[in-house]
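Colleague: Next one to model:
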Amino acid sequence: MKLECQEKHSEIRNGEIHVYAWFFNRNVYENNTNVITFNKIKSERSGKYTCVARNKAGFDSDAVNIIVTYPPIVWTKDITFNGINRPRIIKCNVSGVPNTYNITWRHYTNNNQLVRVFNNRINGVLILPEGETNDLVFEDSGVYRCNVTNGIPDESGNLWQSKKIQVKVEGKPVLAKPLKSTFIGHFNETSSISLFVLSSSNVTQAEWKAAENRNSLGHGCCSSTVNKTSFNGKCLDMSGYTCVFLIKNTREEDFQNYTVDLINKNGRNTFDISLISSGVPEVPSITDIYQRQNYIVLEWKPTFDGGAPQGFIVQYRKKKDKNWESIRIQSNETNDFVYISKLKPDTEYELRMLAFNRLGNSSFTVQFTTLFKGETKDVWTQFNLFLCIPIVLPVCLFVFLLWYRKVLHDGIVTMTKVWLLDTISIFLVTEMTYIPR
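Modeller: The predicted structure is shown next:
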């Protein structure tokens, strides 16, 4: 960029200009020529430039304001909240010309998974949504990326400038979502209670107690791990701690309520846990039975699996039969419906089902009765048979007779053609009188 100071008239009446002086924002700018050249314009060059010219007759001056546009410069700093901070405010500092910005925020987990997006922020201040205090102890933690544009690209052509903020929430340990407080144990086997815990610092201790008498059952350490959990309504991989309590040779009295105290440097949190015995699954719930072409569809909703992988058995029979036909659905199949085929049309069928696991079977559901009608006829075909023929044929016959009379009147038909036309007329009349039953 070049600034040039020159006289207004081509001829100077009072002699040549002997001295040039420049001022930048009222400060002397070191240059005694009539031209200032900027090889690389920078934002700090913005301001008021004044040129003063002097000769033996006196002096004159002129000024110009230079505005240098430049992309946003973004700076941030990491922040730590405690468990009770409300509201939680994160700030993104920005400078740029023009100073009108479009700012978006993106929240990531510490494992770089996108959690949520906040759009159309203008002033660089993000106020995090508030909910229940206990729910938001750690769900606001993670990495926040502030993305800013003012429409001016940088030297690489990028319109958006970005900086990240590490947000940490200090607080007592909490159980990850979805909260699980009931665990399944197995009689005479090793039963396990495993908790996934979110914490801002190492969970230094887990103390297990029997809920009834508060007797201590032992202390255990928690190991750091990554697990899937519900975080701001999404299922994400989160860093946390797994705390495990093992009960070997589980006896009947071990199926009871427990408490666990989880401890980190911010304090202690206590949670109630129950261990229940595994057993046979509960009866599944049949939700719908309907017919599709040449088969019946039965849909159901699984219920409690008894603490072990479950499968299902669907049975059906003709209403008057004694013996049942069975369809076995393996526990590794995920579809909660089954197709029942090879059925006899216009026949009533009875249906029922049960669930099973390695410990046994549930009871059967109630029996359902449904009429299998068989494969349905095409509606358009029925329409042709019962409606089209009686209507269309008389119309065709009427048009044909009109044409036939015209041909006879014109006298241009040979005897062979007349015989052929008579035959067609008889056929049409015969067809018109036929109506399918």
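Colleague: what's near enough to touch Val115?
Modeller: 107-109, 142, 231-232, 234, 236 (C-beta atoms under 8 Å, 6 or more residues apart in numbering). To be clear about C-beta, it is placed using only N, CA and C from the backbone, and glycine gets the same treatment.
Colleague: Next one: it from Phe81, what distance?
Modeller: With distances taken as C-beta to C-beta, to the nearest Å, Val115 is found 16 Å from Phe81.
Colleague: Which one of the contacts of Val115 is nearest to Phe271?
Modeller: Comparing the contacts of Val115 against Phe271 with C-beta to C-beta places Phe231 closest, at 18.8 Å.
Colleague: Just the pLDDT at the closest one, thanks.
Modeller: Phe231 carries a pLDDT value of 88.
Colleague: Wait, it touches Glu139, no?
Modeller: Yes - between Phe231 and Glu139 there is a contact at 5.9 Å, judged by C-beta atoms under 8 Å.
Colleague: Low-confidence stretches in the stretch 251-400 of the chain?
Modeller: The stretch 251-400 of the chain contains residues with pLDDT under 70 at 331-334, 375-393, 396, 398, 400.
Colleague: Tell me which stretches of it form strands.
Modeller: Along the stretch 251-400 of the chain, counting by DSSP state E, counting those that start in this stretch, strands occupy 257-264, 267-277, 285-292, 295-301, 311-318, 325-329, 337-340, 347-357, 360-361, 368-372.
Colleague: would CSV of those strands with distance to His219 and mean neighbour count be doable?
Modeller: Shown next, in CSV, are the strands of the stretch 251-400 of the chain (distance: least, C-beta to C-beta, whole Å; neighbours: other C-beta atoms under 10 Å):
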stretch, distance to His219, mean neighbour count
strand 257-264, 9, 19
strand 267-277, 13, 15
strand 285-292, 43, 13
strand 295-301, 42, 16
strand 311-318, 40, 19
strand 325-329, 45, 14
strand 337-340, 49, 16
strand 347-357, 34, 19
strand 360-361, 38, 14
strand 368-372, 54, 15
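Colleague: Now tabulate those in JSON lines and tack on distance to Cys92.
Modeller: Listed next are these as JSON lines, based on distance: least, C-beta to C-beta, whole Å:
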{"stretch": "strand 257-264", "distance to Cys92": "30"}
{"stretch": "strand 267-277", "distance to Cys92": "32"}
{"stretch": "strand 285-292", "distance to Cys92": "50"}
{"stretch": "strand 295-301", "distance to Cys92": "48"}
{"stretch": "strand 311-318", "distance to Cys92": "54"}
{"stretch": "strand 325-329", "distance to Cys92": "54"}
{"stretch": "strand 337-340", "distance to Cys92": "51"}
{"stretch": "strand 347-357", "distance to Cys92": "54"}
{"stretch": "strand 360-361", "distance to Cys92": "61"}
{"stretch": "strand 368-372", "distance to Cys92": "61"}
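Colleague: just so I know, which of those lies nearest Ala210?
Modeller: strand 257-264 (6.3 Å).
Colleague: Output the contacting helices and strands for that closest one.
Modeller: Counting contacts by 3 or more C-beta pairs under 8 Å, 6 or more residues apart in numbering; DSSP states H and E, strand 257-264 packs against strand 191-198, strand 205-210, strand 234-247, strand 267-277.
Colleague: Sheet partners, orientation included, of the helix or strand just after the shortest one?
Modeller: From strand 205-210 onward toward the C-terminus, using DSSP states H and E, the following helix or strand is strand 216-220. Sheet pairing for strand 216-220, assigned by DSSP bridges, gives strand 205-210 (antiparallel).
Colleague: What average pLDDT does the partner strand get?
Modeller: On average, strand 205-210 scores 91.
Colleague: And Arg214, what's its pLDDT?
Modeller: Per-residue confidence (pLDDT) for Arg214: 81.
Colleague: roughly how far apart are the residue lying closest to it once chain neighbours are set aside and Ala211?
Modeller: Once flanking residues are discounted, Arg214 sits nearest to Thr259: 7.6 Å by C-beta to C-beta, 6 or more residues apart in numbering. Distance, Thr259 to Ala211, by C-beta to C-beta: 5 Å.
Colleague: now do Arg292
Modeller: Distance from Arg292 to Ala211, counting by C-beta to C-beta: 52 Å.
Colleague: likewise Phe245?
Modeller: Going from Phe245 to Ala211 by C-beta to C-beta gives 13 Å.
Colleague: more neighbours, these two?
Modeller: Neighbour count, other C-beta atoms under 10 Å: between Phe245 and Ala211, Phe245 has more, with 19 against 13.
Colleague: burial measure for the residue nearest to Ser46 when sequence neighbours are not counted, as a count.
Modeller: Of all residues beyond its chain neighbours, the one nearest Ser46 is Val68 (4.5 Å), with distances taken as C-beta to C-beta, 6+ apart. Using other C-beta under 10 Å, Val68 has 14 neighbouring residues.
Colleague: same deal with the one 5 residues further on?
Modeller: Counted with other C-beta under 10 Å, the neighbours of Ile73 add up to 14.
Colleague: Next, find the distance separating the residue nearest to the spatial centre of the chain from Val115.
Modeller: Central residue of the chain (C-alpha atoms, centre = their mean): Lys234, 7.4 Å from the mean position. Lys234 sits at a distance of 6 Å from Val115 (criterion: C-beta to C-beta).
Colleague: what does Tyr20 give?
Modeller: Relative to Val115, Tyr20 is positioned 60 Å away (criterion: C-beta to C-beta).
Colleague: can you give me the end-to-end distance of stretch 7-20?
Modeller: 11 Å (C-alpha to C-alpha, to the nearest Å).
Colleague: got the contact list for Pro153?
Modeller: Applying C-beta under 8 Å, 6+ apart to Pro153 gives the contacts 71, 159.
Colleague: From Leu159, how far out is it?
Modeller: Noted for Pro153: a distance of 5 Å to Leu159, by C-beta to C-beta.
Colleague: what residues are shared contacts of these two?
Modeller: In terms of C-beta under 8 Å, 6+ apart, Pro153 and Leu159 are both contacted by the residues Pro71.
Colleague: sorry, back to before: need the residues touching each of Thr259 and Ala211.
Modeller: Asp272.
Colleague: Near Leu126, how many other residues are there?
Modeller: Other residues close to Leu126 by other C-beta under 10 Å number 19.
Colleague: should've said Val148
Modeller: Neighbour count of Val148, defined by other C-beta under 10 Å: 23.
Colleague: Can you name the residues bridging to it?
Modeller: In beta-bridge terms (that is, DSSP bridges), Val148 pairs with Ile103, Gln161.
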